[in-house]
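Trainee: Quick one, what's the 3D model for this:
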Amino acid sequence: MDVTDEPVARAPGAWGEQLTLAGLAEPRPVPARRTATRADAGPASDRPIARVCIDLPLPHLDRPFEYMVPEAMSAGAQPGTRVRVRFAGRDVEGYVLDRVGQAEHEGRLIPLRRVVSAERVLTPAVRDLARAVADRYAGTLSDVLRLAIPPRHARVENEAQPEADLPSSAPGTLGATAWFPYRGGPAFLQHLTAGGSPRAVLTALPGPVGERWPDAIAQAVAACVVGGRGALVVVPDARDVARVCAALDETGVSAWAHGTAGGYVRLTADDGPAPRYRAYLAALRGYADVVVGTRAAVFAPVTRLGLVVCWDDGDDLHSEPRSPYPHVREVLVLRSAGEQAAFLVAAHGRTVEAQRLVETGWAREVVADRATVRARTPRVRALTSVELAREGPAAAARLPSEAWRVVRDQLGRGPVLVQVPRSGYLPVVACGRCRAIARCGTCHGSLALGSAAGVPQCEWCGRLATGWRCEECGFASLRSVRVGSSRTAEELGRAFPGVPVRSSGARADGGVLATVPDTPALVVATPGAEPVCASGYTAAVLLDAGVASASTSFRAGEESVRRWLTAAALVRGNDAGGQVLLVGDGAPGPTQALVRWDPAGFAARELAERAELALPPAVRIASLTGTRDAVQAVVDRLELPPGADILGPVPVATGAGETFGDAPGIGQDRRTGTGRRPSAARAPAQASLDLQVRVLVRAPLAASVELTRTLAASVAVRSARREGGSVRVRVDPEELV
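Mentor: Modelled structure (predicted):
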């Protein structure tokens with residue numbers, strides 16, 4: 001065979017010929033990949049440039065990016081719509097923030113890939129609010145929009161829309177009986193009805209049906225609707241949503257129905273993706289003028305917003321656990337100022353932050369006089385060791401004889417509430433001989449008992465401690481240190497035979513109860529899980545006051561008062577014979593605030609002390625938690641404003657430092673009274689490797705903007721350089737230690 005350098009002549013298409021076996025079909029050609037836009041698609045004739053917020057959480061990308069709008073997409077790619085764009089070699093989603101006629105970028109612009117939906121889910125008001133929240137908490141706009149706008153549900157979005165002219169649903173007559181007992185209450189409603197924007201902090205009192213806190217909120221919403229504006233109500237959980245909705249029905253503001261205009265919608269994640277998105281669209285399109293929901297509803301696009309309401313702003317469910325960790329109260333403050341809407345924060349207690357709004361003059365307090373407070377609240381007594389000293393050894397009983405007599409007498413008139421600060425059976429146990437806290441032999445977490453015949457189990461890693469022996473003295477028996485709600489219900493059942501005992505809590509067999517009947521019964525509940533009785537409880541016993549108020553948290557006193565008042569507000573008033581017993585040696589300040597029913601005075605003293613100690617909310621504080629090198633790099637780049645200082649770094653153990661001792665505090669679920677558990681696979685060696693540090697950056701309130709701006713800039717540099725390690729930045733953290 002001769003080998004030459006001459007090219008071999010082949011027929012066209014002969015190169016790359018795919019051979020096939022006899023009897024098999026020929027391979028089908030691979031179709032060309034379709035693209036959403038063509039390279040030769042011309043720009044739109046009107047405002048051909050779209051500024052897009054891409055849905056990427058990288059801090060250095062927290063700015064609008066410009067894209068060319070093809071003529072074919074011009075009608076759909078309007079401000080507020082979802083689009084898909086090409087970024088860094090892949091398709092990502094985003095929101096059109098604006099359409100302009102001239103680009104700031106001098107080079108060639110990439111066209112939009114496609115319009116995901118022509119629905120303008122991002123209104124200008126919500127867009128501005130999201131930007132303000134991101135700046136307030138040193139976060140990114142994309143993170144806030146992820147919290148604000150629910151995921152798209154195409155079937156719901158394509159449902160037939162009602163006609164333009166719809167029958168209106170509005171309250172006929174406006175009743176304001178729930179506001180009459182408060183100084184400034186009727187005036188607040190008058191301002192709402194007239195279209196004003198008053199700001200108030202309401203200290204709600206217990207009362208009969210029609211005059212409780214859901215009725216007060218419903219009547220304020222009705223006043224706003226009568227004035228031709230919409231309202232937004234944010235409450236901690238779904239049970240509170242149901243109570244507010246029931247009160248709105250009684251007031252005359254009915255639920256929105258397809259084909260009507262006006263009314264309220266529920267906006268909660270528990271309702272599911274389709275109902276949630278349907279409610280969001282009803283508010284967005286202007287069909288429903290009232291939104292009632294939980295934390296995420298704070299960004300709901302209410303048309304002609306005239307009133308924003310936050311109930312129980314001290315509840316930790318109002319604090320967003322995802323970046324940038326905004327709080328509902330602070331978001332509503334920004335929204336009230338930005339949209340010129342009335343503002344109302346209401347609770348049985350009063351947070352220090354709400355007290356600061358009153359003392360700075362930003363809001364007015366709405367409270368009842370002392371005579372009304374004494375008439376509508378139950379009689380409160382504190383059974384401390386001093387009061388029980390005459391009982392001798394019996395004073396050490398968990399349910400002293402005085403409390404036992406009150407429960408026995410009040411059971412003949414109706415149900416009695418027993419609040420227990422911890423759930424479970426025996427959440428903390430100790431050695432029966434030396435009293436040392438029983439620890440897990442693997443991770444050194446505290447042991448707990450789930451039942452009388454159960455095996456001790458670690459609260460951290462979940463391992464069963466079979467064959468446990470004390471590391472201090474070698475003893476093998478255990479004794480209780482703290483008693484949970486399950487054991488309390490068991491003991492009360494034996495102490496009051498024949499009386500029904502109902503348990504309410506996240507770990508209870510029946511879960512969290514919403515309501516209980518008026519018949520005699522013992523209701524054992526953890527804080528935040530107390531069910532509602534229509535006619536009110538005849539008495540309430542608040543156990544383990546020392547456990548509830550003893551904590552290293554600087555919010556321990558404030559949280560104790562809030563928990564106790566929430567339970568006491570479910571009891572009948574003093575005129576109806578209602579009684580509340582606080583059992584245990586609680587901290588003096590919270591105990592006296594409960595006995596006198598004076599949450600405002602307690603909040604004022606707390607605020608004065610925090611101002612003297614330079615603690616929030618008197619100052620602005622940001623925490624940086626992460627690996628030492630990464631945190632130090634972020635801190636070194638900060639340009640601190642005048643008066644700011646840096647505290648730390650201090651070590652933070654992420655694996656074994658969640659909950660220590662018996663007091664509720666950091667790492668504890670305040671609704672169930674349980675500690676958060678780390679992963680069961682975490683070993684002691686791994687926990688030591690996870691040791692991180694925390695730095696606190698403190699600045700005066702006047703320098704808050706400068707502080708958050710320099711924090712965001714430093715984190716953006718870290719993101720752009722792809723620095724190693726991890727850093728979590730949180731402005732106004734719930735805890736400082």
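
Trainee: and the residue lying closest to residue 324 once chain neighbours are set aside, how many neighbours?
Mentor: Nearest residue to residue 324 in three dimensions, chain neighbours excluded: residue 139, at 2.5 Å (C-beta to C-beta, 6 or more residues apart in numbering). For glycine as for every other residue, the C-beta is placed from the backbone atoms N, C-alpha and C. When counting by other C-beta atoms under 10 Å, one arrives at 28 neighbours for residue 139.

Trainee: Helix, strand or coil: sort out residue 139 for me.
Mentor: coil (DSSP: H, G, I helix; E, B strand; the rest coil).

Trainee: swap in residue 357?
Mentor: Applying three-state DSSP: residue 357 is helix.

Trainee: now swap in residue 617 and tell me
Mentor: Residue 617 is classified as coil under three-state DSSP.

Trainee: now the residue nearest to residue 591 when sequence neighbours are not counted, what's its secondary structure?
Mentor: Nearest residue to residue 591 in three dimensions, chain neighbours excluded: residue 382, at 5.2 Å (C-beta to C-beta, 6+ apart). Each residue gets one of three states, and residue 382 gets strand by three-state DSSP.

Trainee: got the contact list for residue 382?
Mentor: 545, 581, 582, 586, 591, 594, 595 (C-beta atoms under 8 Å, 6 or more residues apart in numbering).

Trainee: Would you mind checking those for buried ones?
Mentor: Using 16 or more other C-beta atoms under 10 Å as the burial test, the contacts of residue 382 include 545, 581, 582, 586, 591, 594 as buried.

Trainee: Show only the entries of those residues found in helices.
Mentor: 545, 591, 594 (DSSP state H).

Trainee: how much space between the last one and residue 282?
Mentor: Noted for residue 594: a distance of 42 Å to residue 282, by C-beta to C-beta, to the nearest Å.

Trainee: can you pull out the strands in the stretch 301-450 of the chain?
Mentor: Using DSSP state E, counting those that start in this stretch, the strands of the stretch 301-450 of the chain run over 305-311, 342-347, 364-368, 379-383, 416-419, 428-431, 447-448.

Trainee: hey, which of the ones you listed is tucked in deepest?
Mentor: The highest average neighbour count among those, using mean count of other C-beta atoms under 10 Å, belongs to strand 416-419 at a mean of 28.

Trainee: hmm, back to that, can I get the buried ones among the contacts of residue 382 in TSV with pLDDT?
Mentor: Converted to TSV, the buried ones among the contacts of residue 382 look like this (pLDDT from 0 to 100):
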residue	pLDDT
545	86
581	94
582	94
586	87
591	93
594	95
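
Trainee: Would you mind giving these as JSON lines with distance to residue 575 added?
Mentor: Compiled in JSON lines, the buried ones among the contacts of residue 382 are given as follows (distance: C-beta to C-beta, whole Å):
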{"residue": "545", "distance to residue 575": "26"}
{"residue": "581", "distance to residue 575": "19"}
{"residue": "582", "distance to residue 575": "21"}
{"residue": "586", "distance to residue 575": "26"}
{"residue": "591", "distance to residue 575": "24"}
{"residue": "594", "distance to residue 575": "19"}
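
Trainee: Looking at those residues, which is nearest residue 695?
Mentor: residue 586 (33.6 Å; C-beta to C-beta).

Trainee: and that closest one, what does it touch?
Mentor: Contacts of residue 586 by C-beta under 8 Å, 6+ apart are 382, 384, 545, 546, 548, 549, 560.

Trainee: Skipping adjacent residues, who's closest to it in space?
Mentor: In space, residue 586 is closest to residue 545, 3.3 Å off (C-beta to C-beta, 6+ apart).

Trainee: mind listing what that neighbour touches?
Mentor: 382, 384, 560, 582, 583, 584, 585, 586, 591.

Trainee: could you redo the last one with a cut-off of 6 Å?
Mentor: When contacts are counted by C-beta atoms under 6 Å, 6 or more residues apart in numbering, residue 545 touches 582, 584, 586.

Trainee: check contacts around the first one.
Mentor: So the one you mean is residue 582. Here residue 582 is in contact with 382, 542, 545 (C-beta under 6 Å, 6+ apart).

Trainee: Kindly report the same for the second one.
Mentor: Residue 584 makes contacts with 544, 545, 546, as judged by C-beta under 6 Å, 6+ apart.

Trainee: doesn't residue 421 make contact with the first one?
Mentor: Just to be clear, that refers to residue 544. Yes: Residue 544 is in contact with residue 421 according to C-beta atoms under 6 Å; the separation is 5.2 Å.

Trainee: Name the residue in these two with the higher neighbour count.
Mentor: residue 421 (28 against 23).

Trainee: can you list the weak-confidence ranges in the stretch 401-550 of the chain?
Mentor: Of all residues in the stretch 401-550 of the chain, none has pLDDT under 70.

Trainee: 90 instead, please
Mentor: Along the stretch 401-550 of the chain, the parts satisfying pLDDT under 90 run over 401-404, 421-495, 498, 505-512, 528, 534, 544-550.

Trainee: where do the helices sit along it?
Mentor: Ranges of helices within the stretch 401-550 of the chain are 401-411, 485-495, 545-549, based on DSSP state H, counting those that start in this stretch.

Trainee: Show me what the second one packs onto, helices and strands only.
Mentor: For helix 485-495, the packing partners by 3 or more C-beta pairs under 6 Å, 6 or more residues apart in numbering; DSSP states H and E come out as strand 501-504, strand 522-525.

Trainee: Hmm, residue 101 is touching residue 48, no?
Mentor: No: in this structure, residue 101 is not within contact of residue 48 by C-beta under 6 Å, at 7.0 Å.

Trainee: what about the two, which has more around it?
Mentor: residue 48 (21 against 9).

Trainee: Can you tell me, leaving aside adjacent residues, what's nearest to that one?
Mentor: Closest to residue 48 by C-beta to C-beta, 6+ apart is residue 69, at 5.3 Å.
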